[in-house]
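>>> Need the 3D shape of this:
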Amino acid sequence: MSRAEAKQRARVGVARLRHLIAGLLALVTAAAATACTTGDGRPDIVVTTNILGDVTREIVGDEADVTVLMKPNADPHSFALSAVQAAELEQADLVVHNGLGLEENVLRHVDAARESGVATFAAGEAADPLTFHTADDGGPEGGGGQPDPHFWTDPDRMRKVTGLIADQVVENVDGVDADAVRTNADRYAKRLTDLTTWMEKSFGRVPEDRRALVTNHHVFGYLADRFGFKVIGAVIPSGTTLASPSSSDLRSLTEAMERAGVRTVFADSSQPARLAEVLRTEMGGGVRVVELYSESLTAQGAGADTYLRMMRANTTAMVTGLTAG
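Down below sits the predicted model:
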């Protein structure tokens, strides 16, 4: 082969290599564009608790991705985030959280997201929060009071929050169809209205002298306020499951139960019932412990995998527990 022929072959080889590189670059560019449009290009709403996550998905529909941080059957007071989840908060278009101190291990991450420019919405703070009292704070059992974060036990307050979440999505999430979001929210609000009507009818079967509640901790204050029940007390005299009852707390509670003739305790299904079992010992047996889904949804198909199913299951269990015997 002559030198001229060798040079010509080299030129052809270089040209083919350049063509191959250009083709590979085109494929990489196309793949990146596809990834952006099918994943990264969609708006993302991050929700801390699974109860609010379910409601937010009903409102958002197909207009955006909704990432829920809290797993089924978790405790909102104690669940924590991985590094990946914490990063998701700061990359979101909107963060929806309960607020009022509920997500005790997550609040600092929500604050960090807000400080980085992410829109955040504290649903509980917009739901006309109630306060609960303990002997230590000086309320009815002594004085001030602290905000109760468990607003979702009142479906009317959840209906109000539904409209406010829709407002937040329309105002802060680019690319969503505002009309579709509003339509979804209105449709879900109608289902919440139907839920309230059904709960009123169900609770109407509970006699006045049995409309008293004792729970694992203070979680059903909103339900009691809405449907005409009286909260006698809680095994844990606090709004958080991270507190512990003292012997004097248990003694005060059992005395209150004896005075009110209450023999049924409602315990959260996501927490061990051992604290409620203590009352059986304190009161010499005869105490019925009924499990409720109060602070977390279950896994799919496990009885309370949506907010609506959770509320209906709890209502049925409460009516049965308060009217039996």
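
>>> Just after the helix or strand that contains residue 179, pick out the following helix or strand.
Per DSSP states H and E, residue 179 falls inside helix 178-203. Remark: after helix 178-203, the chain's next helix or strand is strand 212-217, criterion DSSP H and E.

>>> Beyond that following strand, next helix or strand please.
Downstream of strand 212-217 (by DSSP H and E), the next one is helix 221-227.

>>> quick one: buried residues of that next one?
By neighbour count with 16 or more other C-beta atoms under 10 Å, helix 221-227 contains the buried residues 221-224, 226-227. Where you see a C-beta, it was placed from the backbone N, CA and C, and this is true even at glycine.

>>> And stretch 255-262, by the same measure?
257, 262.

>>> now it: mean pLDDT?
Per-residue pLDDT values over stretch 255-262 give a mean of 83.

>>> now stretch 123-135
In the prediction, stretch 123-135 has an average pLDDT of 84.

>>> Quick check: the nearest residue to residue 62 once chain neighbours are set aside vs residue 288, distance?
Nearest non-adjacent residue to residue 62, counting by C-beta to C-beta, 6 or more residues apart in numbering: residue 180, 7.9 Å away. Counting by C-beta to C-beta, to the nearest Å, the separation of residue 180 from residue 288 is 46 Å.

>>> got a list of what the residue nearest the centre of the chain touches?
Centroid check for the chain by C-alpha atoms, centre = their mean gives residue 49 as the closest residue, at 2.7 Å. If a contact means C-beta atoms under 8 Å, 6 or more residues apart in numbering, then residue 49 has 68-70, 76, 97-98, 102-103, 296 as its contacts.

>>> where does it land on pLDDT?
So, for residue 49, pLDDT stands at 98.

>>> Lowest-scoring secondary structure element of the protein by mean pLDDT?
Lowest by mean pLDDT, DSSP states H and E among the helices and strands of the chain is strand 142-143, with a mean of 38.

>>> after that strand comes which helix or strand?
Using DSSP H and E, the next helix or strand after strand 142-143 towards the C-terminus is strand 146-147.

>>> just checking, what packs against the next helix or strand after that next one?
Once the chain leaves strand 146-147, the next helix or strand it forms, by DSSP H and E, is helix 155-172. Here helix 155-172 touches helix 50-60, strand 94-97, strand 119-122, helix 178-203, helix 221-227, going by 3 or more C-beta pairs under 8 Å, 6 or more residues apart in numbering; DSSP states H and E.

>>> and the third one, how far out from the chain's middle?
Average the C-alpha atoms of strand 119-122, do the same for its chain, and the two points are 14 Å apart (C-alpha atoms, centre = their mean, to the nearest Å).

>>> Pairing partners for that strand, with directions?
Partners of strand 119-122 in the sheet, by DSSP bridges, are strand 94-97 (parallel).

>>> average pLDDT across the strand it pairs with?
For strand 94-97, the per-residue pLDDT averages 98.

>>> Restricting the selection to alpha carbons, write it to PDB.
Listed next in PDB are the C-alpha coordinates belonging to strand 94-97 (Å, rounded to 0.1, in the frame of the first residue of the first chain):
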ATOM      1  CA  LEU A  94     -44.800  22.500  46.800                       C
ATOM      2  CA  VAL A  95     -44.600  20.900  50.200                       C
ATOM      3  CA  VAL A  96     -47.800  20.100  52.000                       C
ATOM      4  CA  HIS A  97     -47.400  19.200  55.700                       C
END
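
>>> ok, back up a step: closest one of the buried residues of helix 221-227 to residue 247?
Nearest to residue 247 among the buried residues of helix 221-227 is residue 221, at 24.5 Å by C-beta to C-beta.

>>> so the closest one makes contact with residue 231?
Yes: counting by C-beta atoms under 8 Å, residue 221 does reach residue 231; the two are 6.0 Å apart.

>>> which neighbours do the two share?
With C-beta under 8 Å, 6+ apart as the test, residue 221 and residue 231 both reach residue 132.

>>> what stretches of the stretch 1-150 of the chain score poorly on pLDDT?
Within the stretch 1-150 of the chain, the stretches with pLDDT under 70 are 1-40, 133-144.

>>> all helices of it, in order?
3-35, 50-60, 83-91, 107-115 (DSSP state H, counting those that start in this stretch).

>>> related to what we said a few turns ago, now the buried residues of helix 221-227 in a markdown table, with pLDDT and distance to residue 117?
Below are these laid out as a markdown table (pLDDT from 0 to 100; distance: C-beta to C-beta, whole Å):
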| residue | pLDDT | distance to residue 117 |
| --- | --- | --- |
| 221 | 92 | 35 |
| 222 | 96 | 33 |
| 223 | 96 | 37 |
| 224 | 95 | 40 |
| 226 | 97 | 37 |
| 227 | 98 | 41 |
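
>>> Closest one to residue 300 out of those residues, please.
Residue 300 has its nearest neighbour among the buried residues of helix 221-227 in residue 223, at 24.7 Å by C-beta to C-beta.
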